[in-house]
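*Asks:* Task: produce atomic coordinates for the following.
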Amino acid sequence: MFGNLGAVGLLGPDEPRYVWIARAMARSGDWVTPRLYGQPWFEKPILYYWLAAIGFRLNLPAEWAARLPSAFAALAAAVAVGWLAYKHYGAKPPIVAPALAAVLFATTVGAIGFARAATPDMLFSAFLALAMASAATVLRHERLLSADGTSANQSNSLPLICFGGFLGFAILAKGPAAIILAGGALAIWILVTRNWRSAAKFFHPFALASFCVIALPWYVLCSLRNPNFLRVFVLQHNFERYLTPLFQHPQPFWFFIPITLLALLPWTVLLWPAAREGMRLWSEKSWKDSPGFFFACWAGFPVLFFSFSQSKLPSYILPAVPPIALLCAIAFADVVASPASQSILKWIGVAIAATWLALGVSAAIWLRRLPAVEHDALRNSVWVAVAIAIVGALATAFLAWHGNADFVKLSVGLVTLLVIVAGFGVLPRLDPFISARWHAQLLRNDRHPERIFIYHLPRAWDYGLAFYFGRELPEWSPDDPNPALVLTTPRSLAEIRKARRFLGDLEENYQGILYVPIQPMPRSNVPNASPR
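*Replies:* As a prediction, this is how the structure comes out:
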């Protein structure tokens, strides 16, 4: 979770934008109103900005300050998943279910990727996981309710406080979606099991008080200081985002099915024993009494809910990854423990080996399709990763074919090796092509920083350059007669050539961006030139 968080600079439009806000908060001391380029910005609530701003106050490098909150959140989610497995499925020899559940989650593509993302998504998912773990504990106490109702209520007080508090933190991480996702999963479970008495538990004064103490103060303060906060944040960035394609992220209804399968790699095949276990409980009519049904409600509702959204992004189903990993781990532990399931164990291992082989081949194909300059920079590191994946696939298949469940441990080791190769080999060499950090360092000491412009750059580069330069770079105009250094793309360079014929003698391509030094226009070419 924490390996070389600074291997690559801030990526995309979101990371530099969120981290700018956190850095500005640390510098200004205004811990209430998020500000982007000096203006209030209410796209997301405050929790991520607070935590990243603490990193800036501690003088951490920008990438570490930005990504440590997500890394710690991923660790917390893994602990929550392992703890749930311990409480509900502790005795699952010969596989230790709690450790398996935590490790399976921590080694999924979704967890590894978003543990290194400078966004609120992993914080939101982790606090939602902690809230749902607390809710599962409340329901477990209800099932184990003894004749002494008073003692049972007392034992429920701490989980109820935790449920409200963790849900409050999730609200601070990403907004009202926390109530919808937690409430929707609980509602499905209660409606299907008809356990109406349990519904009232979650409105207990302890739960409501802890929720209000955590969630409300910032929302109230921000609303008082910014009268348009609730309209912009709640209506525009939540309801309109869900109900309309306002933010230009339309996708088909089934979009999250392949995204979920990709997020679970390399453990996607474990959905098969999880589904098989669910079918067994269904046929035995014992699924209502199984804790797995609660975890299935928790896993399924985010996918279902966001499938109806008019704006879809891959991060939306991240809250479903922890419970899915938990269900997969428990189902696999059952397969290992059952002598009658050894043939299934063998084919699970073969399928995981095929997954590794497919990942290795995909990496090789991706490398071959890169432009020459990127191919040369990444070649050695990517081929090391390909070799690890292919050798690992062969070893996994060998262990599986001989009925040895240690192929899971081998796959965990493969994930670890590949994360190391990516963090110290691939990502640092890929950095100049996908992040603005390298370019900003190259130009930071330019003698005339006021004459550095951008021209028709993608949003990711626009925000990234602004963050690393510490200021917004102005958009250059072809009508500007003065000398300038213009950061643009090859496609936009063609537009510049059409607009003005007089470019500098030097045009250099530094990795990801084209730098075009532009000399002064001859006087006859200057639009509306005066004699002076």
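*Asks:* quick one: residue 25 and residue 85, what's the gap?
*Replies:* Residue 25 sits 37 Å away from residue 85, going by CB to CB, to the nearest Å. C-betas here are computed from N, CA, C, even on glycine.
*Asks:* and if you look at residue 52?
*Replies:* As defined by CB to CB, residue 52 lies at a distance of 31 Å from residue 85.
*Asks:* who's more crowded, residue 25 and residue 85?
*Replies:* Legend: neighbour count by other CB atoms under 10 Å for residue 25 and residue 85, higher for residue 85 (27 against 23).
*Asks:* Please name the nearest non-neighbouring residue to the more buried one.
*Replies:* The shortest distance from residue 85 to any residue that is not its chain neighbour, by CB to CB, 6 or more residues apart in numbering, is 3.9 Å, and that residue is residue 101.
*Asks:* roughly how far apart are residue 59 and residue 65?
*Replies:* 9 Å.
*Asks:* got it, and residue 459?
*Replies:* 22 Å.
*Asks:* Compare neighbour counts for the two and give me the winner.
*Replies:* residue 65 (25 against 12).
*Asks:* Tell me the secondary structure of that one, please.
*Replies:* Each residue gets one of three states, and residue 65 gets helix by DSSP: H, G, I helix; E, B strand; the rest coil.
*Asks:* Repeat that for residue 127.
*Replies:* Classification of residue 127 using three-state DSSP returns helix.
*Asks:* ok so, going back, so the residue nearest to residue 85 touches residue 330, yeah?
*Replies:* Yes: with contacts defined as CB atoms under 8 Å, residue 101 counts as touching residue 330 at a distance of 7.0 Å.
*Asks:* quick revisit: what comes up buried for the helix or strand harbouring the residue nearest to residue 85?
*Replies:* Using DSSP states H and E, residue 101 sits within helix 97-106. Neighbour counts over helix 97-106 (16 or more other CB atoms under 10 Å) mark 97-98, 100-106 as buried.
*Asks:* Kindly present the residues you listed as a markdown table, with separate columns for distance to residue 254 and pLDDT.
*Replies:* Listed next are the buried residues of helix 97-106 as a markdown table, based on distance: CB to CB, whole Å; pLDDT from 0 to 100:
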| residue | distance to residue 254 | pLDDT |
| --- | --- | --- |
| 97 | 32 | 74 |
| 98 | 34 | 83 |
| 100 | 30 | 90 |
| 101 | 28 | 91 |
| 102 | 30 | 93 |
| 103 | 30 | 94 |
| 104 | 25 | 95 |
| 105 | 24 | 96 |
| 106 | 28 | 95 |
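*Asks:* of all those residues, which comes closest to residue 157?
*Replies:* residue 98 (24.6 Å; CB to CB).
*Asks:* Make sure the closest one is actually in contact with residue 79.
*Replies:* No: counting by CB under 8 Å, residue 98 does not reach residue 79; the two are 9.7 Å apart.
*Asks:* send the alpha carbons of the helix holding residue 101 over as CSV?
*Replies:* Extracted C-alpha coordinates of helix 97-106, given in CSV (Å, rounded to 0.1, in the frame of the first residue of the first chain):
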residue,chain,number,x,y,z
ALA,A,97,-9.8,-16.8,6.6
PRO,A,98,-9.1,-13.4,8.3
ALA,A,99,-5.6,-13.1,6.8
LEU,A,100,-6.8,-14.4,3.5
ALA,A,101,-9.7,-11.9,3.3
ALA,A,102,-7.4,-9.0,4.1
VAL,A,103,-4.7,-10.0,1.7
LEU,A,104,-7.0,-10.7,-1.1
PHE,A,105,-8.5,-7.2,-0.9
ALA,A,106,-5.1,-5.6,-0.5
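*Asks:* begin at 792 from here
*Replies:* Taking 792 as the first residue, the last one we looked at is helix 888-897.
*Asks:* which residues sit against it?
*Replies:* 792, 865-866, 868-870, 872-877, 880-881, 902-903, 1058, 1061, 1112-1113, 1116-1117, 1119-1121, 1123-1124, 1199, 1203 (CB atoms under 8 Å, 6 or more residues apart in numbering).
*Asks:* so which helix or strand takes in the nearest residue in space to residue 929 that is not next to it in sequence?
*Replies:* In space, residue 929 comes closest to residue 950 once its chain neighbours are excluded; the distance is 4.8 Å by CB to CB, 6+ apart. With elements delineated by DSSP H and E, residue 950 resides in helix 940-965, which encompasses its position.
*Asks:* for the helix or strand that that helix is followed by, what is the average pLDDT?
*Replies:* Scanning forward in sequence from helix 940-965, with DSSP H and E defining helices and strands, the next element found is helix 968-984. Model confidence over helix 968-984 averages 92 on the pLDDT scale.
*Asks:* Give the buried residues for helix 968-984.
*Replies:* Buried residues in helix 968-984, counted by 16+ other CB under 10 Å: 968-969, 972-973, 975-977, 979-981, 984.
*Asks:* Name only those of the contacts of helix 888-897 that count as buried.
*Replies:* The neighbour-count test (16+ other CB under 10 Å) applied to those identifies 792, 865-866, 868-870, 872-877, 880, 902-903, 1058, 1061, 1112-1113, 1116-1117, 1119-1121, 1123-1124, 1199, 1203 as buried.
*Asks:* by contact count, what packs against the helix or strand harbouring residue 1278?
*Replies:* Per DSSP H and E: residue 1278 is located in strand 1275-1279. Helices and strands touching strand 1275-1279, by 3 or more CB pairs under 8 Å, 6 or more residues apart in numbering; DSSP states H and E, are strand 1243-1245, strand 1304-1309.
*Asks:* Out of those, which is closest to residue 1190?
*Replies:* The closest of the helices and strands packed on strand 1275-1279 to residue 1190 is strand 1304-1309. By CB to CB, the value is 46.7 Å.
*Asks:* Which positions in that closest one come out as buried?
*Replies:* Those buried within strand 1304-1309 under the rule 16+ other CB under 10 Å are 1304-1307, 1309.
*Asks:* Could you do stretch 1004-1024 as well?
*Replies:* Within stretch 1004-1024, the residues that qualify as buried are 1005-1006, 1009-1010, 1013, 1017, 1020, 1024, counting by 16+ other CB under 10 Å.
*Asks:* quick one: which two of those are the most distant?
*Replies:* 1005 and 1017 (20.5 Å).
*Asks:* hang on, the earlier thing: can you tell which of the helices and strands packed on strand 1275-1279 is closest to residue 1171?
*Replies:* Residue 1171 lies closest to strand 1304-1309 among those, at 24.3 Å (CB to CB).
*Asks:* Just the CA atoms of the closest one, as CSV, please.
*Replies:* Once side chains and other backbone atoms are set aside, the C-alpha atoms of strand 1304-1309 remain, and they are given as CSV (Å, rounded to 0.1, in the frame of the first residue of the first chain):
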residue,chain,number,x,y,z
ILE,A,1304,4.8,17.8,-24.3
LEU,A,1305,6.0,19.7,-27.3
TYR,A,1306,7.9,22.9,-26.5
VAL,A,1307,7.8,25.5,-29.2
PRO,A,1308,10.0,28.6,-28.7
ILE,A,1309,8.4,31.4,-30.6
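*Asks:* which secondary element of this protein has the worst mean pLDDT?
*Replies:* Comparing helices and strands within the chain by mean pLDDT, DSSP states H and E singles out strand 1299-1301 as the least confident, with a mean of 63.
*Asks:* count of neighbours near residue 1251?
*Replies:* 19.
*Asks:* okay, it: pLDDT?
*Replies:* The pLDDT attached to residue 1251 in the predicted structure is 90.
*Asks:* you'd agree it is up against residue 808?
*Replies:* No: look at residue 1251 against residue 808 with CB under 8 Å: they stay out of range, at 9.9 Å.
*Asks:* ok, the closest residue to residue 1159 other than its chain neighbours - how many residues close by?
*Replies:* Leaving aside its sequence neighbours, residue 1159 sits nearest to residue 1166 (CB to CB, 6+ apart; 7.5 Å). Residue 1166 sits with 13 neighbouring residues when counted by other CB under 10 Å.
*Asks:* All good on my end, thank you.
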